Every structure is written in C-alpha cells, then in structure tokens.
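K.L.:
sequence first, then the predicted structure:
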Amino acid sequence: MNKLEIKNPATNKVIEKLNFTEENDINSKIDNAYKTFLSWRETDAHTRASILKEWSYLINEHREELAKIITLEGGKPLKESRGEIDYARSYIDWYAEEAKRLYGRTIPSNTENKRIITQKSPVGVVGAITPWNFPAAMITRKIAPALAAGCTIICKPAVATPLTTIKLIELAHKAGVPQNAVDYIIASGKDAGRIFTEHRKIAKLTFTGSTPIGKKLIKQSADTVKNITMELGGLAPVIVHKDADIDFAVEQTIAAKFRNAGQTCVCANRIYVHKEIEELFIEKLIAKVNKLNVGNGENSDVDIGPLIDQEGVNKVIDQIKDAQNHGGILSSDLNSLQYLGGNFLKPVVISNVNNDMKVMNEETFGPIAPVMSYTKLDDVIKLANDTEFGLAAYYFTNNYQTGLYLYENLDYGVIGWNDGLPSGAHVPFGGLKESGYGREGGKEGIEPYLETKYLSVGI
Ligand code: NAP
C-alpha cells in the first residue's frame, strides 16, 4: 500500500511513514463522529470546559515534545515552535471559558399569548482542513471552539505536517475528549475536500489555506449547502509613515515579515515607506536582516529555518529574479542567498521596488522584504487596497489622526497600528474580500460552530 512519507525540510530526510486513511474508514469515522455528536452535545458546558482545560494542561506538559515535532516536520525554528504551542493552547483555554457563555435570548412577543426564546445549538459534525505553516495553532483554533460548542470534528492536516495533529489529538483523548468527538484522517486535500463536501453528515466545513483551494471548496460545498468558514490567503501591506518611530517600525516589520521564514498568511508582503525616511529605513532594515541566522531550526540560535519544500524555494527565487529584471536592488546577491543549499534561503531586502513586480502582487511565502516608496498617504492607501486580498495590514505612525484615517480606510480584517504581531486567541481573526469569511478567535470564533434556534410558545 502506498504510504505517506513525511520529510524534514531541513534535511529532506524521511522522518515518518504513515498509511493513508482508506475512503471506507473515512466514511466510518464520519458516521462515528455523528453518533458521538448526539451525546457530546448533551454534555453540560462546564464538563466540556474542564475537559478542554485538561487538554491544555497535557499539551503544556508535552510542550517540548510537540515543539520538536513542529520543527522536524515543518522546519520552524525551535523557539518559534515553542511559541506556537503556547499560542495553540491559548485557543483551548479561551474556548474552555467561552463554552460557558453561549447565551440565548428572550424576545418580547408581538402578541400577549406568546413567549419566545432563542438557544444556541451546535451545528453538528465538522470537517476541518488545515495548512502546514502552523500545524498546531491552525488545528486548535478549530477543534477548541468546535468542541466547546458541542460539535464533533474530523481534522485533515496538510500531508506535509500531520504528526503535530496526531500528537495533539492523542492528548485530547487522554484528557477525556471522547474518541470520536475529535479524530483525524491522513488524506490528500483533494480526496478529503471531495468527501467532506459531499457527505451529508458533515454539517460544516472549516478551511484554512490558499484562496484558489478555498474557492474550489466553496463551489464543491454548494450541493450540500454546507456551513463554511474560509481562512484564506493574504498580501499584507506595511505602511511606514514619515512620523513613525523608525527603529520600532523596523523591529516590528521584521517580526511581521520573517516569522516562520516568511511563510505566514499575515506576513508583511509589501512594504511601503514614505520617501522622506526611505533611505534610513532601508539602511536600518538591512542591518537587522543581515543579523538573522539561517539554519536547521533544531539549533537554538537559528532565526530562519528552511522553506517547506523546493517548490516554495523556486517560487521565491522566481519573484526575486522578476524584481531584479524590473530594476529591484538586492541587499545580497542571489548566489549568496542560496549558500546553504536545499530548502534554505537567506533573507533579503529588495529596494527600488515598483508596483509591477510579482513580489508586490503575489503572496510570497518566503524571506523577501520588498520596499517601495510613496509620498502621498491617499496614494499608498489606494495601492494597499488594490488587491483581491484583505487579510492583514500594518502601519506605523505616531500621529493619531493619520492612524485613525488609515484604520478607517484600509480594507483589511486584521490591522496592526504600531503593532507587527496583532494575532491572539482573544481577537476575531479573519479576512475581507478573497481572504475569506468567518472569524477565528475571540467571542466571534465560536459563532461559526453554532446555529440559532428559536422557540415560540403559545400560552
Ligand atoms: P493549500 O495548498 O491551500 O493547502 C491547505 C490545505 O488544503 C492542505 O491541507 C491541503 O492538503 C488542502 N488542499 C489542497 N488541495 C485541496 C483540494 N483540492 N481540496 C481540498 N483541500 C485541498 O495552502 P498551503 O500552501 O498549505 O498553505 C498556505 C496558504 O494558506 C497561504 O495562502 C496562506 O495565506 C494560507 N493561510 C491562511 C491562514 C488564515 O488564517 N487566513 C492561515 C494560514 C495559512 P494537502 O495535504 O494535500 O497539501
């Protein structure tokens, strides 16, 4: 039987082989998840909350082991992998509390002889499809609200990084989550997408991944009218205005740009700097970028690990060459960027950038920081909004009027003003336009797992 080989992107060595889940088994898992849903939804919210808290506790106990798995299968530097485990846990802690706050309403009736109440009910069995770039957090951001709401859930992690999911779900079962309330399958996205969208016992599909795949799934979901949440791609602009604190803006831009080697959906993709401070900003940015240490994420002093695979490297190189062909200036030449070979790429700053370059129009997913200058605020807002994406945007200014003006005029779901890391379990994360719909995190993040039912009583 054909096995899935999981490779370490730092060495390209196979670290594990797994069986794919047969289609019959996937269907049985869905049936079992449905049966378990009928009892799980009956458990009281406080019980669900305490099981989730136990899960969070066990994850913390296995923090080092889990972080190592993330680094081995995804290439992420170990210090970032530890951070991801803490981040992943924060969703569980948050939704353990939210489970207890799923309030209904009483509605004043329009006649004397009726009473009306509403109640929040879990939607049912959830199918979840997630990407490789945050193999822990993208999973708990879905499992925790689903279980808290009373749903059951089957996860399909990316084939590149399934080991983190397997370990997390093993710990969920150990914590007391019923076996079929949370489960996983090993399958290609194409197969899982087809089965999840066609199956009538899957009530909801929640997807995190690229916009083209999200669009396919939206179409596929039409026949069974699935409840869907789409967390899709981004092309985040960073605007550094002339009155910004330049050192702070450089530091935060680096945080927003180079986390996970630039492979995040909220990654600073396009950096616009006011003409008056452009030279100084670029000089300071290059000085800091040159200090970032590239290497195998298992080494504790590494800041930038490998990209996920050769395809990812090729896409980034293509963008760099395209920028060069359009007049872009690299802070290090192309050969020296690839000095470690394999899936490693040294981070680079590109200056003299213009809006015709691929790097300003395509999601990069790599350690390139392209910097373009602007003079008028309204022009840069227009440039920033001139995309089908609307996930994250950042800006730096110490003028409150400029700050509020940018907030009100940028068409993005997640906005950081003097803040390069605005994500968290307590906030509603999600995109506008083709970056998707639905929110994850905050009190909004449990809503997609709930239906509102109302009861009208004649008295
Ligand atoms: P991707 O290619 O869209 O893959 C994401 C998931 O979709 C994987 O599990 C993949 O399965 C699956 N998939 C692939 N083809 C499918 C199909 N035809 N039907 C159903 N599922 C399918 O994205 P990626 O390269 O892994 O991740 C990067 C993208 O995710 C970027 O665009 C990034 O911006 C986005 N992202 C968004 C957020 C957010 O919160 N908005 C967060 C993280 C990442 P396989 O196992 O077969 O690969």
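P.N.:
Looks like it arrived, so ask away.
K.L.:
which residue packs closest to Lys7, ignoring adjacent ones?
P.N.:
Val14 (5.6 Å; Cβ to Cβ, 6 or more residues apart in numbering). Yep, even glycine has a C-beta here, placed from its N, CA and C like the rest.
K.L.:
residue contacts, the one you found?
P.N.:
Residues in contact with Val14 (Cβ atoms under 8 Å, 6 or more residues apart in numbering) are Glu5, Ile6, Lys7.
K.L.:
list the contacts of the one helix or strand Thr71 maps to.
P.N.:
Here Thr71 sits within helix 63-74, counting by DSSP states H and E. Here helix 63-74 makes contact (Cβ under 8 Å, 6+ apart) with 6-9, 15-16, 59, 76-78, 81-82, 84-86, 132-133, 135-136, 160-164, 167-168, 297-298, 305, 308.
K.L.:
keep only those that also lie close to the ligand.
P.N.:
Trp132, Asn133 (Cβ under 6 Å from any ligand atom).
K.L.:
among the contacts of helix 63-74, which ones are buried?
P.N.:
6-9, 16, 59, 76-78, 81-82, 84-85, 132-133, 135-136, 160-164, 167-168, 297-298, 305, 308 (16 or more other Cβ atoms under 10 Å).
K.L.:
the residue nearest the centre of the chain and the ligand: what is the separation?
P.N.:
Centrality entry for the chain: nearest residue to the mean C-alpha point is Met138, 5.5 Å, by Cα atoms, centre = their mean. Separation of Met138 from the ligand (Cβ to the nearest ligand atom, to the nearest Å): 6 Å.
K.L.:
and Ser331, by the same measure?
P.N.:
For Ser331 relative to the ligand (Cβ to the nearest ligand atom), the value is 25 Å.
K.L.:
can you check the pLDDT for that residue?
P.N.:
Ser331 carries a pLDDT score of 97 in this model.
K.L.:
same deal with Asn2?
P.N.:
83.
K.L.:
the one 5 residues further on now?
P.N.:
The per-residue pLDDT reported for Lys7 equals 98.
K.L.:
surely it touches Glu16?
P.N.:
No. Counting by Cβ atoms under 8 Å, Lys7 does not reach Glu16; the two are 9.0 Å apart.
K.L.:
quick check, the residue in the protein closest to the ligand?
P.N.:
Gly189 (2.0 Å; Cβ to the nearest ligand atom).
K.L.:
OK, contacts around that residue?
P.N.:
Ile129, Lys156, Ala158, Val159, Gly209, Ile213.
K.L.:
now, which of those residues lie within strands?
P.N.:
Those of the contacts of Gly189 mapping onto strands are Ile129, Lys156, per DSSP state E.
K.L.:
distance to the ligand added to the contacts of Gly189, as a markdown table?
P.N.:
Listed next are the contacts of Gly189 as a markdown table, based on distance: Cβ to the nearest ligand atom, whole Å:
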| residue | distance to the ligand |
| --- | --- |
| Ile129 | 5 |
| Lys156 | 6 |
| Ala158 | 4 |
| Val159 | 4 |
| Gly209 | 3 |
| Ile213 | 4 |
